[in-house]
Structures are given as C-alpha cells and as structure tokens.
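1. What would the 3D arrangement of this be:
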Amino acid sequence: MMGGFWLDTISVIHTSIGSLLQGLSLTASISLGTLLLSTLCALALYSIVLIVDSRITTGAVRALVWIVRGIPLVVIIFLSYYGLALAGLELTPYQASIASLTIFFSAGMYEVIRGGFDS
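-> So this is what the prediction gives:
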C-alpha cells in the first residue's frame, strides 16, 4: 500500500522539478538581496546616529525602528505593493517583496548592530 504513495510522490516531484527549481532560485535571490540591503540600511542608520550624535537624531532613528518593528510584516508587504500603487508608484511583486523585507529586517538588524557595538 505505501509503495503507491511514494511512487505517486516521486512522480509529482519529477513532473514539477522545473517549477521547484525556479521557485528555489527566486527565493534565493530575494533572500540574498534582502540580506544585503537590510544590512546596508541598518549600518547606514547606525552610522547616522554615530556621526550626528544628537538626541533628536538618536530619538528619531529609535522611534522609526520601534514603529517598523511593531508593524506586522504582512502589513508592510501590503503597503509596499498596494499602497505605493495607489500613490502612483507601481512595483513588480519581486521589487515589492525585496523593498518590504528590507524595511522590516533593517529595523531588526539595526538593533543587532546597536547591541553589538554598545556592549
């Protein structure tokens, strides 16, 4: 009985291997792009805080990070795709996903970088 299940599973994987590999490459490119951009954005935010060295700038950056970290990721994704389209800036789904993930993970990465340098 179980042989039929595994043969069916292998058959489905075999027929859809092209789509699976295409999805894998898309996921890898979005992940690497987001990792690179969010690290650069977090470093830029931390650099601004260090260079300007004022309470207003530090408070503004911390408020921005606090707000972004408090917004669920799905809301940021919807705002970047549908909200920007309403404002006249239409992004492809690929661009919107990289932009929204970069915004979301930059806030978390900023906290990691700040915690690392402040320790």
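2. quick one: the closest residue to residue 114 other than its chain neighbours from residue 109, how far?
-> Once flanking residues are discounted, residue 114 sits nearest to residue 46: 6.0 Å by Cβ to Cβ, 6 or more residues apart in numbering. In short, each C-beta sits where N, CA and C put it, glycine included. Distance, residue 46 to residue 109, using Cβ to Cβ, to the nearest Å: 9 Å.
3. same thing with residue 62?
-> 14 Å.
4. And residue 74, by the same measure?
-> Per Cβ to Cβ, residue 74 is found 19 Å from residue 109.
5. biggest helix in this structure by residues?
-> helix 17-52 (DSSP state H).
6. Just the mean pLDDT for that helix, thanks.
-> Helix 17-52 comes out with an average pLDDT of 95.
7. returning to what we had before: out of residue 74 and residue 109, which sits in the busier spot?
-> It is residue 109, of residue 74 and residue 109, that has more neighbours when counted by other Cβ atoms under 10 Å, with 21 against 10.
8. Show me what counts as buried in whichever strand or helix holds the more buried one.
-> Residue 109 belongs to helix 93-118 when assigned by DSSP states H and E. Across helix 93-118, burial judged by 16 or more other Cβ atoms under 10 Å covers 96-107, 109-111, 113-114.
9. okay, which residue is most central for this structure?
-> In the chain, the residue lying closest to the centroid (Cα atoms, centre = their mean) is residue 101, at 1.8 Å.
10. what sits against that residue?
-> Contacts for residue 101 (Cβ atoms under 8 Å, 6 or more residues apart in numbering) come out as 30, 34, 38, 73, 77.
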